[in-house]
Structure formats: structure tokens, C-alpha cells
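Chemist: curious how this folds, go ahead:
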Amino acid sequence: MKVLGILGAHKRDGLTAQYLAATAKGLPTAVDYELLYLADYAIEPDTGQPNPVLDQLEAKLQASDLWIIAAPTYWGALAGTMKNFFDCMRPRMVRMTKAADTLPGQFKNKHYLALTTCFQSSLENFFVGITDDTFKTIDRVLTGAGLIKVGEIVGTGTWQQHQPNPQKLALCTRWGAKLATKQKKDDNTVKRYIQLFGMIAVMALVTMGLQQLLFNVFANGQFWITYATFVIIFYVLLASLLHFFTFLRHRRR
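Modeler: Below you'll find the predicted structure:
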């Protein structure tokens, strides 16, 4: 197994780089690991002309089974170095249809781990979601290219800090150990159905509890108000939960 750590940061030895290094440290010695520091390359768009830099980067991506995408969050979004890399590599990552739809290209079914850092504290990031757009950009690019996501790591509170958080370093090392065990399959359909069943069971319990608390409907045997309030409350809870897990759920702490 070969793992490629792709670092898109201003500093080769900054906090983001240290978290990436801790992740690589957790990999077993049998795993072949290579660090790709994007600032070492003059990355320019692929315009159809000879582009030896992109050829070299493409070869490294193709030779790797799993990518660790490591870049800080600046201005609430993915750092420009990594974004430029994604933009310039786009024609080599996806295929375009006549209708301008994107289809997975040559990197389909590879795996990736997303790692970012931000100045804000864990508490602020938890409620505001400073790093959400960074993860969304990484996911949009790589899932569009057909890669399969294995997880996220976020390092918070990096403002004026020169040493990484020891707990985060330990988390990164544990993730490195996980990455060495390649998944036998990526179909989580059964797991998702079980999770959905659990969510529905919990929401049904909460809904009926709210009905009883607010309207005392079960004691009075009022069928139609029981039905109407159950549908409304259940719909609001289910819509909110699905929105969170579909659009907003990212690792924030």
C-alpha cells in the first residue's frame, strides 16, 4: 500500500505539516509513504500544452492508493495553494461530457483523508463551522473524481501557537494506523439503513413525548390532533436531522 501526503500550506514545518507528519508516523513500516509539498512545484493550469509539472504530479497521484489532503483553512475556506492544485489538475481528475457534467476519471476508487487547521477555538468552530467550507471543497473535488472518503481531522486554535495540540497529534497517529487497513468494501448501505432506523426510532420517541407534554393527546384519546401534531413535529425533526447529516456534518473539534 502506498500513501501520498499532499501538503498545501505556506510552511513546510507549520502546524498543518506537523499534524500530517503525525498521521504518517502512525502508518506501519510496511506502508510506502511519500510527502508531496505543493509549494515545491510551479503548478500551472493544464491548457493542452506540454506540462511536465502536472505530468509528474499525476504520476505520483496515480501510483498512490490513498491520499492525505492537508491544508489550513484561511478566510473560512480552503487555502489557495491546495485550491490551485485542484483547479489545475481538474482536467486530469474528471472527464467532461458534452453537457459539461463531470464524471470520475483515472483516480476512481482511490481513498482520501481530509485534514485542516484553523485559528478559531474548538468551541467556536463547533458552533460556527469555520472549517466546513474547506471540507466541502475537498469533498466536492475528490468525490467528483471518484475517490472514497475515509475520514476528517481538524486542528483548531492554531493562532499564535507554535506547538501542536498533543491530543490532536495522538488522534492523527491513530488515524495513520487506521489507514493501513484498507477497506474490503465501501458499500455502507446496511450500516446507513441501521443508522436511519435508529434516528427514526429516537425521533418517534421524542415526537410522541412532545405530543404528550404539549397537548396531552394520548390521555384524551384525540386521534386527529394526535395524528396532525405527530406528522408536523416528526417532519420538522427529520428534516433538520437530514439537513445536518447531509450538508453540515463535518468534524469540528
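Chemist: count of neighbours near the closest residue to Q18 other than its chain neighbours?
Modeler: Among residues not flanking Q18 along the chain, P164 sits closest, at 4.8 Å (Cβ to Cβ, 6 or more residues apart in numbering). Yep, even glycine has a C-beta here, placed from its N, CA and C like the rest. Residues near P164, counting by other Cβ atoms under 10 Å, number 20.
Chemist: let me see the contact set for P164.
Modeler: Contact partners of P164, counting by Cβ atoms under 8 Å, 6 or more residues apart in numbering, are 15, 18-19, 22, 155.
Chemist: what pLDDT does it get?
Modeler: pLDDT for P164: 94.
Chemist: tell me the SS of it?
Modeler: coil (DSSP: H, G, I helix; E, B strand; the rest coil).
Chemist: phi and psi next, for it.
Modeler: Note on P164: its backbone torsions stand at phi -70, psi 160 [degrees, to the nearest 10].
Chemist: how much space between it and A99?
Modeler: In this view, P164 and A99 are 45 Å apart by Cβ to Cβ, to the nearest Å.
Chemist: mind telling me what element D139 is part of?
Modeler: When elements are assigned from DSSP states H and E, D139 belongs to helix 132-144.
Chemist: how about that helix as CSV, C-alpha atoms only?
Modeler: Output in CSV follows, covering the C-alpha atoms of helix 132-144 (Å, rounded to 0.1, in the frame of the first residue of the first chain):
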residue,chain,number,x,y,z
ASP,A,132,-17.0,23.4,6.9
ASP,A,133,-16.3,25.1,3.6
THR,A,134,-12.8,23.7,3.5
PHE,A,135,-14.1,20.1,3.9
LYS,A,136,-16.9,20.7,1.4
THR,A,137,-14.4,21.9,-1.2
ILE,A,138,-12.1,18.9,-0.7
ASP,A,139,-15.1,16.5,-0.8
ARG,A,140,-16.6,18.2,-3.9
VAL,A,141,-13.4,17.8,-5.8
LEU,A,142,-12.4,14.4,-4.8
THR,A,143,-15.7,12.7,-4.7
GLY,A,144,-16.3,14.2,-8.1
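Chemist: does M96 touch R90 like I think?
Modeler: No - using Cβ atoms under 8 Å, M96 is not in contact with R90, being 9.1 Å away.
Chemist: now, the contacts of P164 that are in helices?
Modeler: 15, 18-19, 22 (DSSP state H).
Chemist: let's have the residues you listed in JSON lines, adding pLDDT and neighbour count.
Modeler: JSON lines is the format used below for the ones in helices among the contacts of P164 (pLDDT from 0 to 100; neighbours: other Cβ atoms under 10 Å):
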{"residue": "L15", "pLDDT": "97", "neighbour count": "20"}
{"residue": "Q18", "pLDDT": "97", "neighbour count": "21"}
{"residue": "Y19", "pLDDT": "98", "neighbour count": "28"}
{"residue": "A22", "pLDDT": "97", "neighbour count": "23"}
